[in-house]
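Student: Model the following, please.
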Amino acid sequence: IGLSRIHTMLGDYRTAIDVMDPVDLKAKSAITKLATCGISAHYYLSFAYCMTRRFPDAHRMLCTLLRNPRYEKGGIRRRFAFTDIDDEKDKKKGKEAAMDQE
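Tutor: Prediction:
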């Protein structure tokens, strides 16, 4: 994953894909057991697919990432998805509290 990340950052997208080719992201392995590791692998591989104009492959990788329940452990997806909503709720509560004090 580290090599794929480096090649993606350098703009060598074909090599990034080739480096990740022997890795099976669908099976339970050491890479997919850690949520952050699996998310990074899917992200950099899908980005490399997009940049090489392999859009169906990129779409498949991102859909796999979003649907995979293994990456929900620890609330990683929930933390990112609901941050904006929680901020809006806090602002509304603050406004209501300020109006109550008046």
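Student: ranges for the helices of the chain?
Tutor: The residue ranges that make up the helices of the chain, judged by DSSP state H, are 2-10, 13-20, 30-33, 35-51, 55-67, 76-81, 83-101.
Student: Quick check: buried residues in the first one?
Tutor: Neighbour-count burial for helix 2-10, counted by 16 or more other C-beta atoms under 10 Å, picks out 4-5, 7-8. The C-beta positions use only the backbone N, C-alpha and C, and glycine is treated the same way.
Student: one step back: between the helices of the chain, which has the poorest mean confidence score?
Tutor: Within these, the stretch with the lowest mean pLDDT is helix 76-81, showing a mean of 50.
Student: quick one on the thing from earlier: and of the buried residues of helix 2-10, the nearest to residue 65?
Tutor: The shortest gap between residue 65 and any of the buried residues of helix 2-10 belongs to residue 4, at 14.5 Å (C-beta to C-beta).
Student: For burial, what's the neighbour tally of residue 17?
Tutor: 20 (other C-beta atoms under 10 Å).
Student: surely it meets residue 52?
Tutor: Yes: shown here, residue 17 and residue 52 form a contact pair, counting by C-beta atoms under 8 Å, at 6.9 Å.
Student: Tell me which residues of stretch 30-49 come out buried.
Tutor: Within stretch 30-49, the residues that count as buried by 16+ other C-beta under 10 Å are 31-32, 35, 38-49.
Student: which of those residues lies closest to residue 66?
Tutor: Distances from residue 66 to these, taken by C-beta to C-beta, are shortest for residue 42, at 9.1 Å.
Student: Tell me which residues touch the closest residue to the closest one other than its chain neighbours, please.
Tutor: Of all residues not flanking residue 42 in the chain, residue 65 sits nearest, at 4.0 Å (C-beta to C-beta, 6 or more residues apart in numbering). Shown here is residue 65, whose contacts under the criterion C-beta atoms under 8 Å, 6 or more residues apart in numbering are 38-39, 42-43, 46, 71.
Student: which two from the residues you listed end up farthest apart in space?
Tutor: Counting by C-beta to C-beta, the most remote pair of the contacts of residue 65 is 46 and 71, 13.7 Å apart.
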